[in-house]
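Q: after the sequence you'll find the predicted model.
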Amino acid sequence: GVIDRLADPKIKIFTITGTQAGYLTDKTGRNLDANNEFVQKDLRDPWRPVTLPGIITAVLAKREANGVEPPMIISCDNLAGNGKILGNVLNQYAEQAGIVTAGYMQRVQTPDTMVDRITPKQDHDANGQRLQRHGIIDTGAIVTEGKFSRWTIEQPKETDIRLGALAAGGVQIVRDLAPYEDMKIRGLNGTHLALGLVGTLSGKTHVHEAMADPIIRPFISKLLDQTAATVHLPVKDTSALRPEVMSRFDNAEMPDTLSRLLKETSSKVSARLVNYEAIKEGKGYEASAFAVAAWVRFIRGDDRFGNRADITDKRGEGLSNEIMSAGFKMDKFLTTQAGAAVFDVQRLGAEGEGHRVAKPFIDLVDKFYTDISGSGVKKAMERAFGRDEALVAKQDAAEKQMQGEEPQRPPARRRFGGNDPNPGQQG
């Protein structure tokens, strides 16, 4: 079985992908939920485990019993601090299971890693049809990025296990993972979130469709440039971030829905959209402020006719009620329980030096929110960031070339956008 296989002394490194739920953490997200029913079951019978921490601990116990050195266990899950969390969970489970010594556990390496590859929600029927055109039958195929992938591992400080073979295969081995995580969380995930917000408010459905909009594109470009200016990678030039991310979002061969990007946004907006460093420097936060304003308009949860939108967010209803109760003002929102649950009030606080520094950003969020609510996101975005005239000319030329070949399609019905006569209340 898997326990015997991983106990083989020839294996020095093994990787895991258990998803965030597989770590069985408590509400902190960093420690083992010892009360979980499956954890309890494994603790009662630790040599027949069913959980991720249970299986790995049984492997470690068998390796120790056989005199085999501890392995390096590399998490591939999209989870900040994944190695530290894995280490916490394993040590806490092992202590309760009592089948492996604390001394052995201290020698187990679980480095932090970052995996970067976009994988959209899968439509297996469409995937199968696409492959059939190439003579391939595979109804379980997973569509993901074909030309881009990045795997970065933080080199543990004390270990005899070398990662040279992984590096030779294209894996980045770095001394400090933090700036690379920041690049992904704000550069990729944050821009994805912002695109989902403005795209949805503009009536778009897919990522590549939103990127082809000559008004949305300059905003995304500005957001990436202003983010790159505050990402501290150990290289002097971070300007490659914008073209790299934009080319990935342009990929029409990998249809990715905007709705996939907009789940539980209230838990992501602060870390992914607020450029705290630019705020501290007093410049370069305009796109960040617009993205936050777009999030406020989105989470409000109604279109310009007062119809409720379908929002997947545990805090959604409470936030919507708070925003719509008496009109939105960022200053006031930060002093509420709802606002404190979303934003880092220590850095965007309601008083003191932190608030004085953040006040221009806060005022700009209010200005953009009022403009989005009154004129619609597209007009507000164009006023703030202009439009891509070269893209307009290219699209006009393509349209003229197609005239006479096929009839023009009517514009898609938009769910959001347009004038909002009452930006602070349900219309």
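A: All right, it came through fine.
Q: residue 10 belongs to a strand?
A: No. Counting by DSSP: H, G, I helix; E, B strand; the rest coil, one finds residue 10 to be coil, located in no strand.
Q: measure it to residue 136 for me?
A: Using CB to CB, to the nearest Å, residue 10 is found at 34 Å from residue 136. Every C-beta, even on glycine, is put in place using the N, C-alpha and C of the backbone.
Q: neighbour count winner among these two?
A: Legend: neighbour count by other CB atoms under 10 Å for residue 10 and residue 136, higher for residue 136 (10 against 5).
Q: residue 79 versus that one, what's the distance?
A: 33 Å.
Q: looks to me like residue 296 is in a strand.
A: No. Assigned with three-state DSSP, residue 296 falls outside any strand and is helix.
Q: contacting residues around it?
A: Residues counted as contacts of residue 296 (CB atoms under 8 Å, 6 or more residues apart in numbering) are 323, 328, 330, 365, 369.
Q: now residue 153, what's its secondary structure?
A: From three-state DSSP, the assignment for residue 153 is strand.
Q: surely residue 114 is in contact with residue 151?
A: Yes. The criterion here is CB atoms under 8 Å, and residue 114 meets it with residue 151 at 7.5 Å.
Q: so between those two, which is more surrounded?
A: Neighbour count, other CB under 10 Å: between residue 114 and residue 151, residue 114 has more, with 24 against 18.
Q: pretty sure that one is in a helix, no?
A: No. Using three-state DSSP, the assignment for residue 114 is strand, not a helix.
Q: what about residue 337, distance to residue 318?
A: 9 Å.
Q: so those two - more neighbours on which side?
A: Ranked by neighbour count (other CB under 10 Å), residue 337 and residue 318 place residue 318 first, with 16 against 8.
Q: what strand or helix carries the more buried one?
A: helix 316-325 (DSSP states H and E).
Q: and that helix, what does it pack onto?
A: Here helix 316-325 touches helix 286-300, helix 337-342, going by 3 or more CB pairs under 8 Å, 6 or more residues apart in numbering; DSSP states H and E.
Q: all helices for the stretch 301-427 of the chain, in order.
A: Listed in chain order, the helices of the stretch 301-427 of the chain (DSSP state H, counting those that start in this stretch) span 316-325, 330-334, 337-342, 352-375, 377-385, 389-402.
Q: just the mean pLDDT for the third one, thanks.
A: In this model, helix 337-342 carries a mean pLDDT of 88.
Q: buried residues in it?
A: 338-340, 342 (16 or more other CB atoms under 10 Å).
Q: which residues touch residue 47?
A: Neighbour list for residue 47: 58, 99 [criterion: CB under 8 Å, 6+ apart].
Q: same check, this time on residue 210
A: Neighbours of residue 210 in contact, by CB under 8 Å, 6+ apart: 195, 198-199, 202, 204, 216, 258.
Q: please repeat the previous calculation with a cut-off of 10 Å.
A: 195-200, 202-204, 216-217, 220, 249, 258 (CB atoms under 10 Å, 6 or more residues apart in numbering).
Q: so what's it closest to, chain neighbours aside?
A: Leaving aside its chain neighbours, residue 210 sits nearest to residue 199 (3.3 Å; criterion: CB to CB, 6 or more residues apart in numbering).
Q: host element of that neighbour?
A: If you go by DSSP H and E, residue 199 is part of helix 191-201.
Q: now residue 271
A: Remark: residue 271 resides in helix 269-273, with elements defined by DSSP H and E.
Q: elements contacting the helix or strand following that helix?
A: On the C-terminal side of helix 269-273, the closest following helix or strand by DSSP H and E is helix 276-281. In terms of contacts (3 or more CB pairs under 10 Å, 6 or more residues apart in numbering; DSSP states H and E), helix 276-281 is packed against helix 216-228, helix 286-300, helix 352-375.
Q: ok and the longest one relative to helix 286-300, angle-wise?
A: So the one you mean is helix 352-375. 60 degrees (axes from the mean of the first three to the mean of the last three CA atoms, to 10 degrees).
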